[in-house]
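> Output the structure for:
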Amino acid sequence: MPEWKFLTNHAHVLLCVAHEPQIRLREIAEAVGITERAAHRIIAELEEGGYISRQRMGRRNSYSFHPDTVMRHPNLQNSMLGDLTLGELVAPLIDPKTQLNGHASGLMNGARLRAAEGNR
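Numbering: from 1, shown residues only. Sure thing, here's the model as predicted:
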């Protein structure tokens, strides 16, 4: 069976930038498991799409995540995710205490998830 990932490389890069605004391309590439060239391309695509912006600070870049950006997939507009901003969707992945639509995110670490499943 071929391997697949729940989150795309674009989503992983976006999470890296949202979590650590001064992250280096090398660190993004290592975290996502891609080349620096691929990380650079994805950063450029995210910037072009309006999801992030990049500001040069000396020899480094500082990234700003734009949480109010609308997600690009047209099918999401009519789904339960249609009312969420990108920031609301990403926030629980960055900070597990964040609530999604007034409810706990449900994105728990493995131990808490297993404990919660055992109580059902």
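
> for this structure, what spans make up the helices?
Along the chain, counting by DSSP state H, helices occupy 9-19, 25-32, 36-48, 86-94, 110-118.

> As TSV, those with mean pLDDT would be great.
Converted to TSV, those look like this (pLDDT from 0 to 100):
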stretch	mean pLDDT
helix 9-19	91
helix 25-32	95
helix 36-48	96
helix 86-94	69
helix 110-118	38
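
> Buried deepest among these, which one?
A comparison of these by mean neighbour count, using mean count of other CB atoms under 10 Å, puts helix 9-19 on top with a mean of 20. For glycine as for every other residue, the C-beta is placed from the backbone atoms N, C-alpha and C.

> helices or strands up against that helix?
Under the contact definition 3 or more CB pairs under 8 Å, 6 or more residues apart in numbering; DSSP states H and E, helix 9-19 sits against helix 25-32, helix 36-48, strand 60-65, helix 86-94.

> Distance to residue 56 for the helices of the chain - can I get that in CSV?
Compiled in CSV, those are given as follows (distance: least, CB to CB, whole Å):
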stretch, distance to residue 56
helix 9-19, 15
helix 25-32, 13
helix 36-48, 13
helix 86-94, 24
helix 110-118, 39
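
> Tell me which of those helices sits nearest to residue 64.
helix 9-19 (8.5 Å; CB to CB).

> what angle do the closest one and strand 60-65 make?
Relative orientation of helix 9-19 versus strand 60-65 (axes from the mean of the first three to the mean of the last three CA atoms, to 10 degrees): 100 degrees.
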